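Undergrad: sharing a sequence plus its predicted fold:
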Amino acid sequence: MSAALLVVGICCLSGCAQRQPEVEYRPLQIHWTAAPGQDENSMTNKDLCVIKITSRLMSEKPVQASKVENLAYDVVFGRTAENAEILEFNGVCEDLSLANQPECRWYATCDEQGDVVVKFNNGD
Amino acid sequence: MSKILEKLYALFRMNILIFVLLAVTVIALFAYQNGLDVIDPLYLSDYPYVIAETDSADGGTSAVQLTRTDSSIVVDYELREGYAYPYVGVKIFLGDGKTRGRDLSKYDSIFVWVKPRGEGTVRLYMRGYDSTLYRAGDESSLKFNEIEFFPLEETYPAVFVPKEFRVAGWWVAQNEINVHKAHVDLSNIPLIEIQTGTNAPLGYGTLEIKGFCFKGKKIAKEKLVTSLVAMWFVTFLIILIIRFFDYSRERAANKKKREELEKNLLALEIEKSEYEKSSKEDPLTGCLNRAGFSSILMREQENLSKNGSPVSFVILDIDHFKQINDSYGHNVGDEVLVNLTKLIQGKIRNTDALVRWGGEEFVILCGDTPIQNAQFLAEKLRMAIENGELIKQQKVTCSFGIAEMIAGEDPKRLFERADKALYSSKENGRNRVTSATFKRTH
């Protein structure tokens, strides 16, 4: 009986104790380059889009679940042919030998309000 | 030593004054009680202004004969019928004998040596001059301050005090004296009379009068008390004045001391703030050092835990810095560090903290900044450094590692993640930005 009470007490105490959140380290590199012939300085929403896409990429399932140790993307961006206000981003893993991995090729668009759509080549 | 004496003197100065005052008072009272006597004798044997008198002035027939001896005067008399109250006696003139006599009021005892050779009482008149009652040339207008007594057979004198005298009622009645004037006054006595008393028997008799002795104090009791009170008053006034000046001086000294203390305090505070500043600053670049970083980190941790405000940590390292030092010397290396600091400080917000972490390693703590924004900032910085000219000798680049703080996380973990990301940037070719993205395991 007393042993049970002791166990319950320990459980309560450990429950009350502040826990350090545990996180998994996952490095990510993104190298942004404007598409040939495109002037990035004229893209007013580029910075906002870069930040939003970075954020989205970090939380995307394929990235989170990637087995690649060091994810590094080369991203080429520019205006879409259909609408100059919408920017498109093509991301490819820096290490081309990993190009077949689902997280290694993605396409994203970002409109002037900063609404972002990211699609990996597996369709997610 | 002199300071101690001064302090002792200051401590006891007031008390000494009071002690002296008390001593003077006690001595004065003691001396008054046991000394300070004034004794004025009046021996009639050689006193010239003495005459005999009888009741012949009032219609009587009594006879008198005055004889001087070596030590007294002898009054031989025969009281006869004739006047209703027969008498004989002597008149002793003092001063001018009319208007300016002697002041006997200052004496508290009057000794009279009268030796009768017969029966009956003796009358003593202290005749007082009062300008309001005196009629010029009329001796009877001098006030009759009288006392009547049985002289002692022995050689001892009869002793009287002034308050035992009274003004003769018959004189008051005869001269219609106002009752307010009919009081004993011995302040100006030009004439003393010694006469046979009311019940002296008719016939022969003798009075032997040796003289008088007036005994008093050198200073009147009232004067002594008044003087003492005045002395106490003046002393306390002096003490008050001294204390007032002491207080003013003390106040001025305290004020000066306080001003000096405030000045010292201000100097110390300035010194302290300078010391604190210098202790939290890197002397070469002027940015924060690790000590300065701690307080800012705590503030940002608090912001994160209370408001959920994200905090990111950017760590950057100059690529191949050792080579720069080895190739161009430490001065050039220092130039790189200083110029890099200037460049970064020009591109970050005031709320961001730039810290020289050690050697060629810097940290930027960005409050209210999620990791994606920190990555964006790092990328901007990386490009600016790459495209800028920190030194003329060669191009300088930096590698970056970024991590975002998680609420409740031990800062060490955050540094480890950022450090790993930096290491990743270095491993993958330098001049890169690596974000330590994270996934909560639970």
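TA: All right, it came through fine.

Undergrad: grab the longest strand from chain A for me.
TA: Secondary structure of chain A per DSSP state E: the longest strand is strand A:23-34.

Undergrad: can you confirm whether that one lies near chain B?
TA: Yes. Contact between strand A:23-34 and chain B is present through A:23-32 (criterion: CB under 8 Å from any CB of the partner chain). C-betas here are computed from N, CA, C, even on glycine.

Undergrad: quick one: residue B:426 from residue B:395, how far?
TA: Applying CB to CB, to the nearest Å, the value for residue B:426 to residue B:395 is 17 Å.

Undergrad: compare those two (neighbour count), which wins?
TA: residue B:426 (16 against 13; other CB atoms under 10 Å in any protein chain shown).

Undergrad: buried residues in whichever strand or helix holds the more buried one?
TA: Residue B:426 belongs to helix B:411-427 when assigned by DSSP states H and E. Neighbour-count burial for helix B:411-427, counted by 16 or more other CB atoms under 10 Å in any protein chain shown, picks out B:413-415, B:417-426.

Undergrad: repeat for stretch A:105-117
TA: Neighbour counts over stretch A:105-117 (16+ other CB under 10 Å) mark A:105-106, A:108-110, A:116 as buried.

Undergrad: ends of it, what's the gap?
TA: By CA to CA, to the nearest Å, the extent of stretch A:105-117 from end to end equals 14 Å.

Undergrad: make sure residue B:86 is indeed in a strand.
TA: No. Read with DSSP: H, G, I helix; E, B strand; the rest coil, residue B:86 is coil and lies in no strand.

Undergrad: run through the residues that contact it.
TA: Shown in contact with residue B:86 (CB atoms under 8 Å, 6 or more residues apart in numbering or on different chains): B:55, B:60-62, B:79-80, B:196, B:200, B:202.

Undergrad: repeat the analysis, applying 6 Å as the threshold.
TA: B:55, B:60, B:62, B:79 (CB atoms under 6 Å, 6 or more residues apart in numbering or on different chains).

Undergrad: could these be laid out in CSV, adding secondary structure and neighbour count?
TA: Below are the contacts of residue B:86 laid out as CSV (DSSP: H, G, I helix; E, B strand; the rest coil; neighbours: other CB atoms under 10 Å in any protein chain shown):
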residue, secondary structure, neighbour count
B:55, helix, 22
B:60, coil, 19
B:62, coil, 23
B:79, strand, 26
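
Undergrad: and of the residues you listed, the nearest to chain A?
TA: Proximity of the contacts of residue B:86 to chain A (CB to the nearest CB) peaks at residue B:55, which lies at 132.5 Å.

Undergrad: which residue packs closest to that closest one, ignoring adjacent ones?
TA: residue B:83 (4.2 Å; CB to CB, 6 or more residues apart in numbering or on different chains).

Undergrad: ok, that neighbour touching residue B:61?
TA: No. In this structure, residue B:83 is not within contact of residue B:61 by CB atoms under 6 Å, at 7.7 Å.

Undergrad: now for the closest residue to residue A:101 other than its chain neighbours, how many residues are close by?
TA: With sequence-adjacent residues excluded and distances taken as CB to CB, 6+ apart, residue A:101 is closest to residue A:68, at 6.4 Å. Per other CB under 10 Å, the neighbour tally for residue A:68 reads 15.

Undergrad: ok, residue A:68 to residue A:103 distance?
TA: 7 Å.

Undergrad: hey, where'd the strands end up in the stretch 51-200 of chain B?
TA: Taking DSSP state E, counting those that start in this stretch as the test, the strands found in the stretch 51-200 of chain B are B:63-68, B:73-79, B:88-93, B:107-116, B:122-128, B:143-149, B:158-160, B:166-167, B:191-196.

Undergrad: want to throw those into a markdown table with distance to residue A:120 and mean pLDDT?
TA: Shown next, in a markdown table, are the strands of the stretch 51-200 of chain B (distance: least, CB to CB, whole Å; pLDDT from 0 to 100):
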| stretch | distance to residue A:120 | mean pLDDT |
| --- | --- | --- |
| strand B:63-68 | 162 | 90 |
| strand B:73-79 | 160 | 90 |
| strand B:88-93 | 153 | 92 |
| strand B:107-116 | 134 | 87 |
| strand B:122-128 | 144 | 93 |
| strand B:143-149 | 144 | 92 |
| strand B:158-160 | 143 | 89 |
| strand B:166-167 | 144 | 93 |
| strand B:191-196 | 150 | 92 |
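
Undergrad: ok, which of these comes nearest residue A:73?
TA: strand B:107-116 (129.6 Å; CB to CB).

Undergrad: could you say what helices and strands that closest one packs with?
TA: In terms of contacts (3 or more CB pairs under 6 Å, 6 or more residues apart in numbering or on different chains; DSSP states H and E), strand B:107-116 is packed against strand B:158-160, strand B:203-217.

Undergrad: how many other residues sit next to the nearest residue to residue B:386 once chain neighbours are set aside?
TA: Excluding the flanking residues, the one nearest residue B:386 by CB to CB, 6+ apart is residue B:397, at 5.3 Å. Residues lying near residue B:397 (other CB under 10 Å) number 16.

Undergrad: residue B:397 reaches residue B:384, doesn't it?
TA: No. Under the criterion of CB under 6 Å, residue B:397 makes no contact with residue B:384, lying 10.8 Å away.

Undergrad: helices of the stretch 251-400 of chain B, start to end?
TA: B:290-307, B:321-328, B:330-347, B:371-387 (DSSP state H, counting those that start in this stretch).

Undergrad: what does chain A give?
TA: Along chain A, the stretches classed as helices by DSSP state H are A:2-16, A:46-59, A:61-64.

Undergrad: the shortest one: how far from the chain's middle?
TA: Using CA atoms, centre = their mean, to the nearest Å, the distance from the centre of helix A:61-64 to the centre of the chain it belongs to is 7 Å.

Undergrad: stretch A:99-106 now?
TA: Per CA atoms, centre = their mean, the centroid offset for stretch A:99-106 relative to its chain is 13 Å.

Undergrad: burial of residue B:203, as a residue count?
TA: 11.

Undergrad: how much space between it and residue B:370?
TA: From residue B:203 over to residue B:370 (counting by CB to CB), the distance is 149 Å.

Undergrad: follow-up on the earlier one: and the longest strand of chain A with helix A:46-59, angle?
TA: 150 degrees (axes from the mean of the first three to the mean of the last three CA atoms, to 10 degrees).

Undergrad: helix B:371-387 and strand A:23-34, what's the angle between them?
TA: Using the same axes, to 10 degrees: strand A:23-34 against helix B:371-387 is 50 degrees.

Undergrad: what does the nearest residue to residue B:131 once chain neighbours are set aside show for phi and psi?
TA: With sequence-adjacent residues excluded and distances taken as CB to CB, 6+ apart, residue B:131 is closest to residue B:99, at 7.8 Å. Phi and psi for residue B:99, reported as degrees, to the nearest 10, are phi -110, psi -20.

Undergrad: for residue B:99, give its distance to chain A.
TA: Distance, residue B:99 to chain A, by CB to the nearest CB, to the nearest Å: 118 Å.
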